[in-house]
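A.B. asks: I'd like to go over a predicted model; first the sequence, then the structure.
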Amino acid sequence: MKDGVYYSEYLQLDKILNAQTLESDKANDHAHDEMLFIVIHQSYELWFKQILYEVGSVMQILSQPNISDNSPDLFTVNHRLNRVVTILRVLVQKIDILETMTSLDFLDFRNRLRPASGFQSIQFKVLEANLGLRMQNRHGKEYYTSQLKPEDKKLIEDVEKTKPLIDLVNDWLERMPFFDRPEYWEGIVAEGVVHPFWKKFSEAYGNSLVDAEKGNLSRFEELFLGNEKKEEWSLSPKARRAALFIILYRDYPLLQLPFQLLNNLLEIDNTLSAWRFRHINMVHRMIGARTGTGGSTGKDYLQGALNSHYIFKEFAELTTFMIERNKLPQLSPALRKRLGFDV
């Protein structure tokens with residue numbers, strides 16, 4: 001056999017396949033399902049590593065001062081975010097395997113795991129922080145880092161000091177050029193005056209509301225027509241305007257990749273919430289109302305996280321402010337030509 005790469009050596013299978021040490025075996029009280037428990041969680045961590053790798057590359061691309069429409073960058077971003085979504089869907093399905101373990105099987109070794117807990121997964125915490133979930137917005141934030149080693153706690157704190165994906169997307173949206181180009185509109189309006197497109201859109205949106213929805217118009221004006229980003233917002237008014245424009249006019253070729261990017265972010269939230277929901281049901285089935293091995297309130301904590309940890313919810317809320325296609329303001333021929341790549 002010629003010298004070269006050998007399968008088991010390339011994958012370092014000696015390390016991977018010998019990395020399962022059962023706590024029950026240490027106590028000479030073998031619990032058969034502990035092997036499954038370890039392998040499932042090790043595989044989760046490997047997939048978390050891949051997700052972090054993909055998200056990190058996306059963040060690097062979006063950190064550029066400009067992204068050319070004629071470069072492959074936006075396609076690459078979408079391709080890698082779509083891969084993240086696909087991996088997350090697989091992680092949701094892997095719960096089916098874990099649920100072949102019954103609650104009695106789990107009790108054979110559960111108490112030997114204390115105080116270890118999935119809550120101590122550093123990679124998952126880094127992922128959430130990189131996406132944009134910050135400490136102040138977390139459910140049970142007082143407990144969030146209390147079970148971590150000092151070096152892991154510092155790692156999370158350092159990650160939270162960097163700009164997350166949602167902020168990079170906000171910056172990218174703010175750079176959308178169309179609204180500041182006089183050749184696409186009836187001239188650029190004076191500072192402080194509503195842009196002609198959004199003036200027409202606001203009128204059409206107000207006319208589309210039923211009586212019970214009339215309060216939405218003032219909310220639209222607050223979120224979209226101002227210039228300042230409130231501290232509690234993830235998106236600035238300028239970024240919201242760009243995102244809504246992309247969604248409403250996504251049929252134009254130039255806006256299809258931007259629309260896919262926004263949709264991929266929503267899919268990340270959806271798959272993460274599906275994972276949390278399945279996790280809640282599994283925990284309830286396995287341990288009922290008992291506390292988690294790490295000391296959390298178990299099912300109740302997970303339910304609170306499910307309700308609170310939507311990172312890209314402001315994109316989902318844009319649907320509140322949509323109107324029918326046949327009521328959308330007509331774009332100028334020059335802008336339609338630009339959005340059609342016919343330049």
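C.D. replies: That came through fine. Numbering: from 1, shown residues only.

A.B. asks: Output the below-cut-off pLDDT ranges for the chain.
C.D. replies: The chain contains residues with pLDDT under 70 at 1-2, 136-145, 187-192, 287-308, 341-343.

A.B. asks: Mind naming the longest helix for it?
C.D. replies: Of all segments of type helix in the chain, defined using DSSP state H, the longest is helix 253-287.

A.B. asks: which parts of that helix are buried?
C.D. replies: For helix 253-287, burial by neighbour count (16 or more other C-beta atoms under 10 Å) applies to 254-255, 257-276, 278-280, 282-283, 286-287. Every residue, glycine included, has its C-beta placed from N, CA and C.

A.B. asks: List the residues that contact the residue lying closest to residue 325 once chain neighbours are set aside.
C.D. replies: Using C-beta to C-beta, 6 or more residues apart in numbering and skipping residues adjacent in sequence, the residue nearest residue 325 is residue 248, 8.0 Å away. Residues near residue 248 by C-beta atoms under 8 Å, 6 or more residues apart in numbering: 322-323, 325, 328.

A.B. asks: how much space is there between residue 4 and residue 16?
C.D. replies: 21 Å (C-beta to C-beta, to the nearest Å).

A.B. asks: Give me the more crowded residue out of those two.
C.D. replies: residue 16 (12 against 6; other C-beta atoms under 10 Å).

A.B. asks: Against residue 198, how distant is the residue nearest to residue 325?
C.D. replies: For residue 248 relative to residue 198 (C-beta to C-beta), the value is 12 Å.

A.B. asks: now do residue 48
C.D. replies: Taking C-beta to C-beta, one finds residue 48 at 41 Å from residue 198.

A.B. asks: could you list every residue that touches residue 112?
C.D. replies: Residue 112 sits in contact with 23-24, 27, where contact means C-beta under 8 Å, 6+ apart.

A.B. asks: Looking at those residues, which one is closest to residue 75?
C.D. replies: Nearest to residue 75 among those is residue 23, at 46.7 Å by C-beta to C-beta.

A.B. asks: Which secondary structure elements does the longest helix of the chain sit against?
C.D. replies: Counting contacts by 3 or more C-beta pairs under 8 Å, 6 or more residues apart in numbering; DSSP states H and E, helix 253-287 packs against helix 73-93, helix 95-98, helix 103-107, helix 165-174, helix 237-248, helix 299-308, helix 313-316, helix 333-339.

A.B. asks: Give me the contacts around the first one.
C.D. replies: Spelled out, that is helix 73-93. Looking at helix 73-93 with C-beta under 8 Å, 6+ apart, the contacting residues turn out to be 44, 47, 50-51, 54-55, 57-58, 61-62, 64, 67, 257-258, 260-261, 264-265, 267-268, 271-272, 274-275, 278.

A.B. asks: switch the cut-off to 6 Å
C.D. replies: 47, 51, 54, 57-58, 61, 67, 257, 260-261, 264, 267-268, 271, 274-275, 278 (C-beta atoms under 6 Å, 6 or more residues apart in numbering).

A.B. asks: Now do that helix against helix 253-287, angle only.
C.D. replies: 20 degrees (axes from the mean of the first three to the mean of the last three C-alpha atoms, to 10 degrees).

A.B. asks: same check, this time on the fourth one
C.D. replies: Interaxial angle, helix 165-174 versus helix 253-287 (the same axes, to 10 degrees): 160 degrees.

A.B. asks: just checking, what packs against the helix or strand following helix 165-174?
C.D. replies: The helix or strand immediately downstream of helix 165-174 is helix 196-208, counting by DSSP states H and E. Using 3 or more C-beta pairs under 6 Å, 6 or more residues apart in numbering; DSSP states H and E as the contact criterion, no helix or strand is in contact with helix 196-208.
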